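Enquirer: Next one to model:
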Amino acid sequence: MKNNYKRLQFEERIEIEKMLNQHFSITQIALKLNRNKSTISREINKLNTPYSSLNSEAFATGKQYDRRWRKSKINQNPELKKFVYDHLKLRWSPDQITTTLKRLFPNNKTMNLSHESIYLHIYVHVKKELKKELIAQLRQKRNYRGNVRRGADKRSIIKDPIRIDERPIEVLGREIPGHWEGDLILG
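Expert: Numbering: from 1, shown residues only. You can find the predicted model right below:
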């Protein structure tokens, strides 16, 4: 068995279909393709129909496309989108919105999402005007999310630091107040 996971290729899907038609077991197919039998089992059962390599490839390609282009739950569910947008207009934080969604729709997974999904939806929005409008509805109207200070560490830096093992020998006695290690602490 391989240790590194790779997605099934179309050629492997064709082989799976051929072997299923010849009544091979899942274990035999997995050994022949050098894959884990759980991978083969998931592949066969994912569409809940008789296995077809073409349908399976189309499904996998669609899933990959959705992932790549960030098809979020918000875009897929108009009711959820309206709820989020309405509450952003009321100046609710994304965290408050997700908590309320979980309380109002505890058993409905399509109406639950994380606050990170809301932030991602706002900050990775394609339409510039709508993105500006959504950012304006947030409490902190930052154009970028996260730490804006990039590059070097902005904390205070000790000029010409002397390592402890490079200090003079008289420091070992600690008789003078300035020789204590407390002077190394950054406040």
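
Enquirer: And I157, which helix or strand is it part of?
Expert: When secondary structure is defined using DSSP states H and E, no element contains I157, which sits outside every helix and strand.

Enquirer: With E116 instead?
Expert: Here E116, judged by DSSP H and E, is contained in helix 115-123.

Enquirer: Residues touching that helix, excluding its own?
Expert: Contacts of helix 115-123 with the rest of the structure, by C-beta atoms under 8 Å, 6 or more residues apart in numbering, involve 70, 72-75, 84, 93-95, 97-98, 131, 134-135, 138, 144-145. All C-beta spots, glycine's among them, are computed from the backbone N, C-alpha and C.

Enquirer: So in the chain, where's the weakest helix or strand by average pLDDT?
Expert: Among the helices and strands of the chain, helix 53-68 carries the lowest confidence by mean pLDDT, DSSP states H and E, at a mean of 75.

Enquirer: Return the set of buried residues in stretch 10-25.
Expert: Buried positions in stretch 10-25, judged by neighbour count with 16 or more other C-beta atoms under 10 Å: 12-13, 15-17, 19-20, 24.

Enquirer: still on that earlier bit, and the following helix or strand past the helix holding E116, what does it pack onto?
Expert: Using DSSP H and E, the helix or strand that follows helix 115-123 in sequence is helix 128-137. Based on contacts counted as 3 or more C-beta pairs under 8 Å, 6 or more residues apart in numbering; DSSP states H and E, the elements that helix 128-137 packs against are helix 78-89, helix 115-123.

Enquirer: Let me see the contact set for K102.
Expert: K102 is in contact with N112, counting by C-beta under 8 Å, 6+ apart.

Enquirer: what's the answer for the one 3 residues further on, then?
Expert: Remark: with contacts taken as C-beta under 8 Å, 6+ apart, F105 is in contact with 111-112.

Enquirer: Need the per-residue pLDDT for I14.
Expert: I14 carries a pLDDT value of 92.

Enquirer: same check, this time on S38
Expert: We have a pLDDT of 91 for S38.

Enquirer: start the count at 28, not 1, going forward
Expert: All right, first residue 28 from here; so that's S65.

Enquirer: Please report the distance of L74 from E44.
Expert: 12 Å (C-beta to C-beta, to the nearest Å).

Enquirer: Restricting to C-alpha, output whichever strand or helix holds I41 in PDB.
Expert: Using DSSP H and E, I41 sits within helix 37-48. Output in PDB follows, covering the C-alpha atoms of helix 37-48 (Å, rounded to 0.1, in the frame of the first residue of the first chain):
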ATOM      1  CA  PHE A  37      -9.800   8.400 -14.400                       C
ATOM      2  CA  GLU A  38      -7.800   5.400 -15.600                       C
ATOM      3  CA  GLU A  39      -8.200   3.800 -12.100                       C
ATOM      4  CA  ARG A  40     -11.900   4.500 -12.100                       C
ATOM      5  CA  ILE A  41     -12.200   2.700 -15.500                       C
ATOM      6  CA  GLU A  42     -10.300  -0.300 -14.000                       C
ATOM      7  CA  ILE A  43     -12.700  -0.300 -11.000                       C
ATOM      8  CA  GLU A  44     -15.700  -0.400 -13.300                       C
ATOM      9  CA  LYS A  45     -14.200  -3.300 -15.300                       C
ATOM     10  CA  MET A  46     -13.300  -5.300 -12.200                       C
ATOM     11  CA  LEU A  47     -16.800  -4.700 -10.700                       C
ATOM     12  CA  ASN A  48     -18.300  -6.100 -13.900                       C
END
